[in-house]
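**Student:** A predicted structure for the sequence below; I have some questions about it.
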Amino acid sequence: MRYLFAALVLAAAVCGTAAQAEKRTFIVANNSDGYGVDRCLATGASCGAAVATAYCKSRDYEEAASFRKIEREEIAGAVPTTTGTSARDEFVAIECLR
């Protein structure tokens, strides 16, 4: 009986860790074409959640957990390329869940 209980606990632990959502944060230039980042995400407009979710879905993620404006200094590694508009130094971080 103890072995059966131990096996059930082990199976529950393995299944529990597999069910955790995968998260990834994308850094998007404010002036990225086609997503409305400058109009919805960076300004905090009400359409921001829909735009963030659309961005995540285009990257094979289920939904956006969060999005926010991010400063250049907060970006580690390579900075995303921009199209050269006046908003070229503004970025948005979108956290996507799978």
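**Tutor:** Yep, that arrived.
**Student:** For the rest of this, base every contact and every neighbour count on C-alpha atoms.
**Tutor:** Will do.
**Student:** Check the contact between residue 63 and residue 51; I expect there is one.
**Tutor:** No. Contact criterion CA atoms under 8 Å: residue 63 and residue 51 do not qualify, at 10.3 Å.
**Student:** my read is residue 73 is in a helix, agree?
**Tutor:** Yes. Under DSSP: H, G, I helix; E, B strand; the rest coil, residue 73 falls within a helix.
**Student:** Now do the same contact list for it.
**Tutor:** Listed by CA atoms under 8 Å, 6 or more residues apart in numbering, residue 73 has no contact partners.
**Student:** for residue 95, same thing?
**Tutor:** 23-26, 64-67.
**Student:** Wasn't it part of a strand?
**Tutor:** Yes. Under three-state DSSP, residue 95 falls within a strand.
**Student:** For it, which non-adjacent residue is spatially closest?
**Tutor:** residue 25 (4.2 Å; CA to CA, 6 or more residues apart in numbering).
**Student:** any idea which element the one you found lies in?
**Tutor:** Secondary structure assigned from DSSP states H and E places residue 25 in strand 23-29.
**Student:** Which helix or strand lies directly C-terminal to that strand?
**Tutor:** Immediately after strand 23-29, counting by DSSP H and E, sits helix 48-58.
**Student:** Could you check the angle that following helix makes with strand 23-29?
**Tutor:** The directions of helix 48-58 and strand 23-29 differ by 110 degrees, with axes from the mean of the first three to the mean of the last three CA atoms, to 10 degrees as the criterion.
**Student:** quick one: the nearest residue to residue 90 once chain neighbours are set aside and residue 69, what's the gap?
**Tutor:** Using CA to CA, 6+ apart and skipping the chain neighbours, the partner closest in space to residue 90 is residue 30 (5.3 Å). Distance of residue 30 to residue 69, computed by CA to CA, to the nearest Å: 9 Å.
**Student:** hey, what's in contact with both of these two?
**Tutor:** The contact sets of residue 30 and residue 69 overlap at 42, 90-92 (CA under 8 Å, 6+ apart).
**Student:** Many thanks, I have nothing further to ask.
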